[in-house]
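Asks: here is my input; please provide its structure:
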Amino acid sequence: MKTMTSRASLAAALMLAAAWLASPVSAQTQPPSAPAQSTAQPAPAGPAPAAPAATTPAVPAPSASTATPVAPTASPAATVSTTAKSDAAAGIAPAMKELSPWVMFMSADVIVKAVMIGLAFASLMTWTVFIAKSIELSVASSKLRSALKKVAETRSLAEAQMALGAKEGILPSFLAAALREARMSAGLSSDAGIKERAASSFSEIVRAEARRIRIGMGVLATIGSTSPFVGLFGTVWGIMNSFIGISKSQTTNLAVVAPGIAEALLATAIGLVAAIPAVIIYNHFSRVTKGYLELVSRASGAAGRLLSRDLDRSHGSVHSRAAE
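Replies: Reported below is the predicted structural model:
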């Protein structure tokens with residue numbers, strides 16, 4: 001009986017092994033505990049349970065093979081998310097680079113472009129006037145100071161003209177006007193009339209020199225006072241076009257609104273760049289011009305004193321001759 005029982009158990013174990021090997025891989029993933037128990041029930045309670053125990057260690061192998069495909073399912077999602085982030089960053093980067101002053105100028109409206117070009121030309125004029133007037137005032141002031149030093153020790157108009165030579169300038173103009181008035185008033189006994197007429201000629205020369213030295217100041221004043229408003233006009237026009245574009249696109253996305261507003265604000269920025277230096281340079285030249293005109297007044301006074309000496313000297317010689 002024992003031999004028959006062991007043979008029956010061995011036959012059952014061989015049948016289970018054959019069935020397990022013949023089954024597909026998808027069937028091996030199912031836990032085989034239930035069939036093992038159902039097949040083990042007919043066997044008597046002897047050494048029979050030892051045979052199915054030999055087949056149980058092979059069951060965990062399919063579980064390991066089925067667990068491996070789980071890992072690749074998470075990696076595509078991670079790669080997709082990283083790819084999307086990189087694409088988004090790559091899309092944002094060019095948009096940030098496009099917001100440069102030159103690109104904004106090229107993409108602006110025709111009216112805004114005209115405003116920007118006009119303001120840039122005004123700024124160029126401001127710096128041109130600054131360089132030209134700086135050189136002119138510096139040269140004129142140095143020449144006038146040198147001429148005043150040369151005339152300070154002279155005793156007559158003729159001697160002063162000899163000291164200055166044939167140079168052109170404001171002080172030689174004063175001396176020439178004084179000599180011309182003294183020559184034209186020869187034979188007149190009223191020195192007060194001669195001095196008054198000479199002072200009138202001096203005033204005309206001073207006014208002409210003030211007008212000449214202030215050339216370009218009006219340009220600076222105009223640029224400094226009007227450039228902000230011209231830039232504001234360009235800004236208003238650009239923002240108006242931006243709102244029109246928003247209404248046409250029917251979106252309030254910042255990427256759509258920002259370029260037009262940036263172009264509009266660029267006009268205001270250029271207006272301020274043109275206006276602020278113009279105002280500062282105008283105030284600077286106002287102070288420098290005032291100092292130069294004070295030197296011109298000193299030259300007028302020096303010429304008047306020389307004329308007065310000549311008149312007194314001429315009357316003194318006349319009185320000495322009459323006494324003889």
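
Asks: helices of this structure, start to end?
Replies: Ranges of helices within the chain are 2-22, 25-28, 33-40, 50-55, 60-67, 70-98, 101-106, 110-151, 157-164, 170-184, 191-213, 217-249, 254-323, based on DSSP state H.

Asks: in the stretch 201-324 of the chain, where is pLDDT below threshold?
Replies: 252, 254-256, 315-324 (pLDDT under 70).

Asks: likewise the stretch 51-200 of the chain?
Replies: 51-99, 189.

Asks: could you rerun that using 90?
Replies: 51-113, 116, 150-170, 181-198 (pLDDT under 90).

Asks: quick check: phi and psi at Ala186.
Replies: Backbone torsions of Ala186, given as degrees, to the nearest 10, read phi -70, psi 140.

Asks: count of neighbours near it?
Replies: Other residues lying near Ala186 total 8 when counted by other Cβ atoms under 10 Å. Using the backbone N, CA and C atoms, a C-beta is placed for each residue, glycine as well.

Asks: likewise for Gln161?
Replies: There are 19 residues near Gln161, going by other Cβ under 10 Å.

Asks: now it: closest residue in space, sequence neighbours ignored.
Replies: In space, and not counting its chain neighbours, Gln161 is closest to Leu175: 5.4 Å by Cβ to Cβ, 6 or more residues apart in numbering.

Asks: contact partners for that neighbour?
Replies: Neighbouring residues of Leu175 by Cβ atoms under 8 Å, 6 or more residues apart in numbering: Leu157, Ala160, Gln161, Leu164, Ala303, Leu306.

Asks: gap between the nearest residue to the fifth one once chain neighbours are set aside and Ala147?
Replies: If you skip the residues right next to it in sequence, Ala303 has Phe174 as its closest partner in space, 3.6 Å away by Cβ to Cβ, 6+ apart. Using Cβ to Cβ, to the nearest Å, Phe174 is found at 10 Å from Ala147.

Asks: of the two, who's got more company?
Replies: Phe174 (28 against 23).

Asks: circling back: surely the residue nearest to Ala303 meets Leu306?
Replies: No - contact criterion Cβ atoms under 8 Å: Phe174 and Leu306 do not qualify, at 9.0 Å.

Asks: count of residues packed around the closest residue to Leu266 other than its chain neighbours?
Replies: Once flanking residues are discounted, Leu266 sits nearest to Met104: 5.3 Å by Cβ to Cβ, 6+ apart. For Met104, the neighbour count with other Cβ under 10 Å is 21.

Asks: wait, Met104 sits on Leu265?
Replies: No - Met104 lies out of contact with Leu265 (Cβ under 8 Å); the separation is 9.0 Å.

Asks: now Phe285: how far from Glu159?
Replies: For Phe285 relative to Glu159 (Cβ to Cβ), the value is 36 Å.

Asks: ah, wrong one, I meant Ser203
Replies: 25 Å.

Asks: more neighbours, these two?
Replies: Glu159 (14 against 11).

Asks: so what's Ser225 up against?
Replies: Ala275 are the contacts of Ser225 under Cβ under 8 Å, 6+ apart.

Asks: how about Leu295?
Replies: Ser141, Leu144, Arg145, Leu148.

Asks: go again using 7 Å as the cut-off
Replies: Listed by Cβ atoms under 7 Å, 6 or more residues apart in numbering, the contact set of Leu295 reads Ser141, Leu144, Arg145.

Asks: what comes up buried for stretch 149-162?
Replies: Val151, Thr154, Leu157, Ala160, Gln161 (16 or more other Cβ atoms under 10 Å).

Asks: er, stretch 306-316 I mean
Replies: Those would be Leu306, Leu307, Asp310, Leu311, for stretch 306-316 by 16+ other Cβ under 10 Å.

Asks: now render the residues you listed as CSV, adding distance to Ser242.
Replies: Compiled in CSV, those are given as follows (distance: Cβ to Cβ, whole Å):
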residue, distance to Ser242
Leu306, 70
Leu307, 70
Asp310, 75
Leu311, 76
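
Asks: what's the most distant pair in those?
Replies: Leu306 and Leu311 (9.9 Å; Cβ to Cβ).

Asks: how close does the residue nearest to Gln161 get to Ala302?
Replies: For Leu175, the distance to Ala302 - Cβ to Cβ - is 9 Å.

Asks: and for Gly165?
Replies: 16 Å.

Asks: which one's more surrounded, the two?
Replies: More neighbours surround Ala302 than the other of Gly165 and Ala302, with 20 against 8 (other Cβ under 10 Å).

Asks: residues contacting the nearest residue to the more buried one once chain neighbours are set aside?
Replies: Sequence neighbours aside, Val151 is the residue nearest to Ala302 in space, at 5.5 Å (criterion: Cβ to Cβ, 6+ apart). Contacts for Val151 (Cβ under 7 Å, 6+ apart) come out as Ala160, Ala163, Leu164, Leu171, Ala302.
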